[in-house]
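[1] show me the folded form of this:
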Amino acid sequence: MSIVVRPRKVRLFAGLGAVVLFAAFTVAGVFMRETDTGANFRLSDQIAMVGIGIMLALGALWFTRPRVRADREGVEVRNMLGARRFPWSEVEQVSFPDGSPWARLELPDDEYVPVLAIQAIDGERAVTAMRELRRVRREAGADAEKQSDG
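    A predicted model of the protein is given here:
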């Protein structure tokens, strides 16, 4: 019993954006020497344009990073800047507040961790992901109760 969830639409848009950025800067780099602007462009300028396209494309692909992975022991949330694992005993609630763009884990002391992998823009897929995440948490809680009773 484990699940892995990644956002769908953001990954699609980020992938398409990366391709467009790379293609645009590559085309600009290739045709740079042939423009009639009065500036002299060299091979190094063309290579730099392609390099800028690569860097911007990699920046766009960074938005494909979010993921949530849950199992009986806990949940791992990987957002843009890092990943953290929480045992279910630390998670008070898995919620999706009204109007919020993504889900979150409610922790003790009114803290929360955004779950960028489950986004409102994904519609029914986000609803299904929330149900599955809550189911895993519920089953983990039932397993913990069985172990403490036994």
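[2] show me what contacts the residue nearest to Val4 when sequence neighbours are not counted?
    Using C-beta to C-beta, 6 or more residues apart in numbering and skipping residues adjacent in sequence, the residue nearest Val4 is Arg69, 4.9 Å away. Using the backbone N, CA and C atoms, a C-beta is placed for each residue, glycine as well. By C-beta atoms under 8 Å, 6 or more residues apart in numbering, the contact list for Arg69 reads Ser2, Ile3, Val4, Val5, Val75, Glu76, Arg78.
[3] ok, now how distant is the most centrally placed residue in the chain from Pro101?
    A centroid search over the chain (C-alpha atoms, centre = their mean) returns Pro66, at 2.1 Å, as the residue closest to the centre. Distance, Pro66 to Pro101, by C-beta to C-beta, to the nearest Å: 12 Å.
[4] next: Ala14.
    From Ala14 to Pro101 the distance is 15 Å (C-beta to C-beta).
[5] so what's Phe63 up against?
    Phe63 touches Val10, Arg11, Phe13, Ala14, Met80, counting by C-beta under 8 Å, 6+ apart.
[6] now for the residues you listed, which pair is the farthest apart?
    Across these, the longest distance by C-beta to C-beta is 15.1 Å; it joins Phe13 and Met80.
[7] which one of these two has more residues nearby?
    Taking other C-beta atoms under 10 Å, Phe13 and Met80 do not tie; Phe13 has more neighbours (15 against 10).
[8] helices of the chain, start to end?
    Using DSSP state H, the helices of the chain run over 9-30, 43-61, 124-149.
[9] could you dump those helices to a markdown table with mean pLDDT and distance to Pro97?
    Below are these laid out as a markdown table (pLDDT from 0 to 100; distance: least, C-beta to C-beta, whole Å):
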| stretch | mean pLDDT | distance to Pro97 |
| --- | --- | --- |
| helix 9-30 | 95 | 19 |
| helix 43-61 | 94 | 28 |
| helix 124-149 | 82 | 12 |
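[10] right, so of those, which gets closest to Arg85?
    Among these, helix 124-149 comes nearest to Arg85, with 13.4 Å by C-beta to C-beta.
[11] picking up where we left off before, Ala14 and Pro101: which is more packed in?
    Higher neighbour count among Ala14 and Pro101: Ala14, with 19 against 11, using other C-beta under 10 Å.
[12] list the contacts of that one.
    Ala14 makes contact with Ala60, Leu61, Trp62, Phe63, Thr64 under the criterion C-beta under 8 Å, 6+ apart.
[13] all set now, cheers.
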